[in-house]
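Trainee: Fold the following and give me the result.
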Amino acid sequence: MILAQAFSNFVLDLDGVLWRGERAIPNAPETVSSLRDSSKTVLYVTNNSGASPAAVAEKLAAMGAPAGANDVITSATAASLLIERTIPAIRGRVAYVIGGPGLIEAMEGLGLRIVEGKDADDASLVIVGIDKKLTYDKLRHATRAIRAGATFIATNTDPTLPAADGLWPGAGAIVAALRTATGVEPLVAGKPHMPMLDVARERLGSAPALVVGDRVDTDVLGAQAAGWPSALVLTGATGLADLAVATAWPDFILRDVSMLLRDLPHPLVRPAAGPDLPTIATLLHDGGLPAGSARERVGRTVVAEFDRSVLATAAWEVLDGVALLRSVAVGPKARGFGLGVHVVAGALKGIANAGVRDVYLVTTDAEGFFKRCGFHVVPRDELPDGVARHPQITRECPSSAPVMRMELPQ
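Mentor: Just a heads-up that it's a prediction; the model follows:
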């Protein structure tokens, strides 16, 4: 299925989906241009409140993905709607804002009187978004105002922000500091909360949309709240380790946003059952892996099924409180479509559900693939005893084979 053909409307996140910081993610501009050239409706819906919709549209155009300001919804837009809905007689109210130009512009557009410094003591609203010029004094003024009774509003609670050199603190980190200092829970405007989704729904009408994002806790949960399908890309904040412990699962998992344009199998990842064993054995044999103990670990095996055919598999064992991921195999004709990522994600979820957080593996020829999944090489002498004594390690893999580890979040 080609997702770009299957849907008419697309709601795209920005940070971690189309760019990281100021750098476009490879093939992202071309993907957006292809969607628009095919007369698809594309909305850009971001929890980042730092820039105005017009400024975001300019950045998109400079990146090679032309857009208008009305195509962009920021969490500042959603915060405006939230304030209009919940705060009576807003025009002229005194507000203290921690945030960038986009948030300040949106709040001024509501007719709020924005104050600074010690004048925050008179504020009846404290509105918080991403602020790359955050100071202790800003936190101090906001804390005093909230503790004095000001309504606390957060554009979003994303803990991190994808940047070119990794993850930076997001607006949620600032919100968490104020929540800790005041004991007050904020009203939240951005994904996955409804104010932002309501803005998107108003602009799209009643037609469904595919939500494409890099976070389960905002994009996937937001899509589910709206009753829309979701696609998670692995170019931003969420990796397979995070997905393993997530409270929701996306409808589609994509290596990057350009996968919207490719004809891909989008499999169902499910626990293996007895009738799957012959196919699992064939997959392992074709991948040069032993299949002798597949029956014994069928209860700790997942398969990726598409069009009634099992195309990939992965299994695990729990040894002295840690897990050994093994028997990851994809059918020869199904390779190159991301199915390995799907079954590894499913196996990691099974491991997490068993209460295990340390995962090891040994590979002879797939080190690059497992690095892309989030594993890293560790010295062989760091293997826990239970894993080091396992037959796969002692008999099946050469001593030169890399040992890799992943630690799942708690």
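
Trainee: buried stuff in stretch 15-26?
Mentor: For stretch 15-26, burial by neighbour count (16 or more other Cβ atoms under 10 Å) applies to 15-20, 24-25. All C-beta atoms are positioned from the backbone trio N, CA, C, and that covers glycine.

Trainee: and if you look at stretch 159-171?
Mentor: Residues of stretch 159-171 classed as buried by neighbour count (16+ other Cβ under 10 Å): 159-162, 169-171.

Trainee: Please identify which of the residues you listed is nearest to residue 150.
Mentor: Proximity of these to residue 150 (Cβ to Cβ) peaks at residue 171, which lies at 17.7 Å.

Trainee: ok, that closest one touching residue 127?
Mentor: No - Residue 171 is not in contact with residue 127 according to Cβ atoms under 8 Å; the separation is 10.9 Å.

Trainee: Mutual contacts of these two, please.
Mentor: Residues touching both residue 171 and residue 127 comprise 99, 154-155, with contact defined as Cβ atoms under 8 Å, 6 or more residues apart in numbering.

Trainee: Now render these as a markdown table, adding pLDDT.
Mentor: Putting the shared contacts of residue 171 and residue 127 into a markdown table (pLDDT from 0 to 100) gives the following:
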| residue | pLDDT |
| --- | --- |
| 99 | 98 |
| 154 | 98 |
| 155 | 98 |
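
Trainee: Save those as TSV, and put in neighbour count, secondary structure and distance to residue 191 too.
Mentor: Listed next are these as TSV, based on neighbours: other Cβ atoms under 10 Å; DSSP: H, G, I helix; E, B strand; the rest coil; distance: Cβ to Cβ, whole Å:
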residue	neighbour count	secondary structure	distance to residue 191
99	27	coil	17
154	29	strand	12
155	35	coil	10
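
Trainee: domains of this structure?
Mentor: Here the chain is described, according to automatic domain parsing, as comprising the domains 3-74+192-261, 76-188, 268-407.

Trainee: now the shortest one, how far from the chain's geometric center?
Mentor: The chain centre lies 24 Å from the centre of domain 76-188; the measure is Cα atoms, centre = their mean, to the nearest Å.

Trainee: what's the span of it, first residue to last?
Mentor: End-to-end span of domain 76-188 (Cα to Cα, to the nearest Å): 11 Å.

Trainee: quick one: strands adjacent to the helix or strand in which residue 318 is found?
Mentor: Secondary-structure element containing residue 318, defined by DSSP states H and E: strand 309-319. Taking DSSP bridges as the criterion, strand 309-319 pairs within the sheet with strand 301-306 (antiparallel), strand 322-330 (antiparallel).
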